[in-house]
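*Asks:* Predicted model and sequence below, questions to follow.
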Amino acid sequence: MNSENISLSHKIIQHPTTPYKLWLEFEETTPWDNITNDFANIGIDTMDGRYYGVNVWTRLYAEQNSTMDENGNQIPDMIVNILTRECIQNSIDKILNDGGIEKVLNPSTFNLKFIDPYWGADEMENSTINSLLNELNLELNRHNPLHETEYELIARKVNNDDIILKLKDGRMVVVHLTWKSIEEIKGYPITRVYKNDIEFWTKEMSKDINDYIN
């Protein structure tokens, strides 16, 4: 991997509606031998809390291989003519022009990327995570939607007392801790539940990031 490829993966592509950064697997490793008949993984970072992990096949590769897995699901998230930065970027630009990545690509490509005012759990000390979870357990009561539910702490907000949890079924939950260290009354701690990470980003996270920046 050379410095030119590193700079390319950090370059901001100025799309009119959604600026983004583009990471390409074949720029980070040995270049592919056949760019017209192969597949690769790519990453699209829209720098607003969204990151897409996308599996790309060339059209020729798709013609020669099954595009369905054993469950009948589409395997490639995107098909291009050749595996080059220019071709892939042009395809992404078209997707953005046609209504956005969530509307065109498989929802499974969507991932959250925690940026200010969010801190991901991987940025926290274990002692901080344990303190937040301990306080949550003290505050929960039987009326709370998290009562007797398994959850994972995945992030917190640095500008208030909100923590973000993920449930086994994919739902996202935001809890505003009161820090009273006692079981709270009905309605507290204030808890907001979203059906998945896309809804959470759309209805809450995107606004938080925009407000924090501005």
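*Replies:* Sure, I can see it.

*Asks:* use CA for all of it now, contacts and neighbours both
*Replies:* Will do.

*Asks:* now the strands: where do they sit in this protein?
*Replies:* 21-24, 39-45, 50-58, 78-80, 110-112, 118-120, 151-157, 162-167, 172-176, 190-194 (DSSP state E).

*Asks:* Select, out of those, the one closest to Leu138.
*Replies:* Smallest distance to Leu138 across those (Cα to Cα): 13.0 Å, for strand 172-176.

*Asks:* tell me the mean pLDDT over that closest one?
*Replies:* On average, the pLDDT along strand 172-176 is 98.

*Asks:* just to revisit the earlier point, dump the strands of the chain into CSV; add mean neighbour count as well.
*Replies:* Putting the strands of the chain into CSV (neighbours: other Cα atoms under 10 Å) gives the following:
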stretch, mean neighbour count
strand 21-24, 20
strand 39-45, 19
strand 50-58, 20
strand 78-80, 19
strand 110-112, 17
strand 118-120, 19
strand 151-157, 19
strand 162-167, 20
strand 172-176, 21
strand 190-194, 16
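
*Asks:* Output those strands in CSV, with distance to Ile209 appended to each entry.
*Replies:* Conversion of the strands of the chain to CSV gives the following (distance: least, Cα to Cα, whole Å):
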stretch, distance to Ile209
strand 21-24, 18
strand 39-45, 15
strand 50-58, 11
strand 78-80, 28
strand 110-112, 12
strand 118-120, 8
strand 151-157, 10
strand 162-167, 14
strand 172-176, 15
strand 190-194, 17
